[in-house]
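S.K.: Let's see this in three dimensions:
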Amino acid sequence: MSWIRDGPKCLDAKNITEAVDGSLKRLQMDHIDLYQIHWPDRYVPMFGETEYDPVRQFSSVPIEEQLDALGRAVDAGKIRYIGLSNETPYGVMKFLHFAENNVCYPKIISVQNSYSLLCRTFDSGMAECCHHERIYLLGYSPLAMGILSGKYFASDGAPSDARLNLFKGRYSEGESRYSLARNTLKLATMVNKILSTLVLQKNMVFILYHLQSPLF
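M.R.: Got it, this is the predicted structure:
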């Protein structure tokens, strides 16, 4: 990802330390409550891909080195908890395994993965993994890169500054995954209908009623 932090960076101890210190400086804070690794330092399916391609496999920095650097930041009081992003069950369990076998390594508490009506990959292996290991999901892209908003189905193909237009080709896997097919159009139309003001108010009343039920 050449557009992140002025060029490609690997997750070695040096870059992690620089990233933590840089974040603290920009935020003008003395600590960060939750610090998450944005992307694994190895090949993983991206932006809604559902299949793993072993031909594309690579790994540049050992997970132990990443945990060691993060552990030092925790010990120094710079960060309190650590998490992962865009991870797989394999990656989550590897981080947990190394932390369980080395008291100097912090345990991850969260994973931030894509989650929407069009991208439910978390619901299979990741859901089981996170449930048993008490890892919290922080879902992102709830509108599937804006597709569920319905804007890409407009006659003009959405505004020029819409993400899939502004960065055309960058999200190639996602663009393929979220193809503007008939079923996708039907789902987006349904979501927009549900989110209309009147219907949304009725849905909120329904949800609040059930949240007060003894079943919850």
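S.K.: Which stretches in this protein count as helices?
M.R.: Ranges of helices within the chain are 13-27, 63-75, 89-100, 125-133, 163-166, 172-177, 182-194, 197-211, based on DSSP state H.
S.K.: which one of those helices has the lowest average pLDDT?
M.R.: Ranked by mean pLDDT, those bottom out at helix 172-177, with a mean of 53.
S.K.: circling back to that earlier point, ranking the helices of the chain by burial, who's on top?
M.R.: Sort these by mean neighbour count, taking mean count of other Cβ atoms under 10 Å, and helix 63-75 sits at the top with a mean of 19. The way it works is simple: take the backbone N, C-alpha and C, and place the C-beta from them, glycine included.
S.K.: hang on, the earlier thing: just so I know, which of the helices of the chain lies nearest I109?
M.R.: I109 sits nearest to helix 125-133 of all the helices of the chain, at 9.6 Å, using Cβ to Cβ.
S.K.: Which strands or helices does the closest one pack on?
M.R.: Helices and strands touching helix 125-133, as assessed by 3 or more Cβ pairs under 8 Å, 6 or more residues apart in numbering; DSSP states H and E, comprise helix 89-100, strand 136-137.
S.K.: give me that answer again for 7 Å
M.R.: Counting by 3 or more Cβ pairs under 7 Å, 6 or more residues apart in numbering; DSSP states H and E, the packing neighbours recorded for helix 125-133 are helix 89-100.
S.K.: and for the helix it packs on, what are the contacting residues?
M.R.: By Cβ atoms under 7 Å, 6 or more residues apart in numbering, the residues outside helix 89-100 that reach it are 40, 44, 63-64, 67, 84, 105-108, 111, 125-126, 129, 133, 135.
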